[in-house]
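> Sharing a model prediction with you, sequence too.
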Amino acid sequence: MINLKRHFSLFNRLFNINECEWSRVVMVWLLKFLYRFGFVIGWTLITAMFVARFGISLLPYLFVANAIFIMLGSMTYVSLLRKFKRSSLIISTIFLAGVLLLAVIFLPPSQNFLLLLFLLLAESLFLVQLNLLFEDLIESLFSSLES
């Protein structure tokens, strides 16, 4: 037990984290890991499906469409953040992205364009903005001295 406490103390000094902060730090690391893991898999899936359907020569159009949707989502979320609480906005963002992703399941296989559009909208409009909401949530979890 004493040996374990020494190792834990070493981690505390190494990462400059107090013992009472570990629960919040682990929660934030887990949240960021799950978000990043899902985002990388999702974006890879969208890119692969786009290249398989439309070819690699049209890939710049996907990136431009993604950038436009991200800008539209950012402008929308700036106004929404002024009107709604952050927690309700996070929940509604996850719900709307989930609805779009579930709608993809029920699309007929011949609707590749709608499938890509729904995936791109879920990624660009909701999931990228969710990352910004997570950053705001993480910032509120820690004081200036703790960060």
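That came through, no problem. Numbers count the residues shown, from 1 in each chain.

> the longest helix in this protein is where?
The single longest helix within the chain, with elements called by DSSP state H, is helix 22-54.

> Quick check: buried residues in that helix?
Going by neighbour count (16 or more other Cβ atoms under 10 Å), the buried part of helix 22-54 is Gly42, Trp43, Ile46, Met49, Phe50. C-betas here are computed from N, CA, C, even on glycine.

> I'd like the average pLDDT over stretch 24-36.
Per-residue pLDDT values over stretch 24-36 give a mean of 89.

> Count the residues that sit near Thr93.
Using other Cβ atoms under 10 Å, Thr93 has 21 neighbouring residues.

> For Leu137, see how far away it is.
12 Å (Cβ to Cβ, to the nearest Å).

> what does Asn12 give?
24 Å.

> neighbours of the nearest residue to Ser140 once chain neighbours are set aside, just the number please.
In space, and not counting its chain neighbours, Ser140 is closest to Arg86: 7.7 Å by Cβ to Cβ, 6 or more residues apart in numbering. When counting by other Cβ under 10 Å, one arrives at 13 neighbours for Arg86.

> Check Leu89 too.
Going by other Cβ under 10 Å, the residues that sit close to Leu89 add up to 18.

> Please identify which helix or strand holds it.
Using DSSP states H and E, Leu89 maps to helix 86-105.

> Low-confidence ranges, the chain, go.
Across the chain, the ranges flagged by pLDDT under 70 are 1-8, 145-147.

> how about stretch 74-83: buried residues?
Tyr77, Leu80.

> So which residues make contact with it?
Leu89, Leu125, Gln129, Leu132, Leu133 (Cβ atoms under 8 Å, 6 or more residues apart in numbering).
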